[in-house]
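A.B. asks: let's see this in three dimensions:
(chains A and B)
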Amino acid sequence: MRTRWVVLTGVAVALLLAGVVSIFASSAPDGLTKVSQDHGFDHTGRTHDSVVGGYGPVTGIVGVVVVLALAAGVTYVVRRRHSDPTE
Amino acid sequence: MHVPDGFLDAPTSMATGAAAVACVGISLVKARRELDDKTAPMAGLVAAFIFAVQMLNFPVASGTSGHLLGGALAAVLVGPWTAVLCMSTVFIVQCLLFADGGITALGTNIMLMGVTTVAVGWLVFRALQLALPKRLSVVPAAAGLAAFVSVPVAALAFVLLYAVGGTADIPIDSLATAMVGVHLLIGVGEGVITFLAVGAIVAVRPDLVYGARRVLARRELEIKPRVVA
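C.D. replies: Numbers count the residues shown, from 1 in each chain, chains lettered A, B, ... in the order given. Predicted coordinates for the structure are as follows:
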């Protein structure tokens, strides 16, 4: 399997997980949130407004694409500096 | 385990913020040596995949869920320094776009769920590789075990930060027991997901798995004398 196909398959899986499988995710509080509730310090936490709204199929796909673009971009820049002949 | 604003006081948040900036800075330099024609295309995928899987909360106990952290997975797939960059990207997007994790807690979240799980995951993975047979089939299992260990360690790291700069007066021993307890369960899920994900890539293209390279190099060295003979 060529590298390109491995990566494309992986991205397709990530989009499927974020866009479809996430519907079945548990909505129960996560470990830290639950512990903070049980110990009575959950009220000390503050949330800020989300730019795109909560996690859902559409925003999940947006998130995957944004993370992919950012991480690939950082990787590209880090590598390009490496091959800089003036270095 | 995304820490919101307000759990930790300002000095502690500033300290973890400074530590996170330092870790990302060092990783930007060190990742150059890891990023070649094989790891570079994988880095974007690893970050995107971890973001997606972090959305998939699975139930662990009554009324409690957990999700993948992913530091060990990233470290084994693309190398520890690149992994810190992948994890930081995920937390920055979660914080700024989704309000998942506080803005003043961004450094805390990068240190706890990024740097800690990458460091613990990679060190445990390497230790297991040294102790176990040098076979390709061992790589996914070693990655899964390392991932399992990384989660309760990250939970313990949160407790240590809370002992230093928690904004509420909570008995630390009881907090530690609760945090490590629930995150041992979440760690099992982390281990299974990491085992399956690393196993899938090892099955099709083991050379794309950074943590499998030493095993592959060794295998090639073993094949050569037979070819000569």
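A.B. asks: point out where chain B drops to low pLDDT.
C.D. replies: Residues of chain B that meet the criterion pLDDT under 70 lie in B:220-229.
A.B. asks: no wait, chain A
C.D. replies: Flagging of chain A using pLDDT under 70 yields the residue ranges A:81-87.
A.B. asks: name the single longest helix found in the chain.
C.D. replies: Using chain A. helix A:57-82 (DSSP state H).
A.B. asks: my bad, chain B
C.D. replies: Scanning chain B for the helix with the most residues, using DSSP H, yields helix B:172-204.
A.B. asks: just the buried positions in that one, please.
C.D. replies: Residues of helix B:172-204 classed as buried by neighbour count (16 or more other C-beta atoms under 10 Å in any protein chain shown): B:175-176, B:178-180, B:182-191, B:193-195, B:197-199, B:201-202. Every residue, glycine included, has its C-beta placed from N, CA and C.
A.B. asks: picking up where we left off before, how far off centre is the longest helix of chain A?
C.D. replies: The offset between the C-alpha centroid of helix A:57-82 and the centroid of the whole chain comes to 10 Å, using C-alpha atoms, centre = their mean, to the nearest Å.
A.B. asks: same deal with stretch B:202-211?
C.D. replies: On the basis of C-alpha atoms, centre = their mean, stretch B:202-211 is displaced by 18 Å from the centre of the chain it belongs to.
A.B. asks: CA atoms of it as CSV?
C.D. replies: This file holds the C-alpha atoms of stretch B:202-211, laid out as CSV (Å, rounded to 0.1, in the frame of the first residue of the first chain):
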residue,chain,number,x,y,z
VAL,B,202,2.0,-2.3,11.4
ALA,B,203,-0.1,-4.8,9.4
VAL,B,204,0.0,-2.8,6.1
ARG,B,205,3.1,-0.6,6.3
PRO,B,206,5.3,-1.3,9.4
ASP,B,207,8.0,1.0,8.0
LEU,B,208,5.6,4.0,8.5
VAL,B,209,5.6,3.2,12.3
TYR,B,210,8.5,5.2,13.9
GLY,B,211,8.6,2.9,16.9
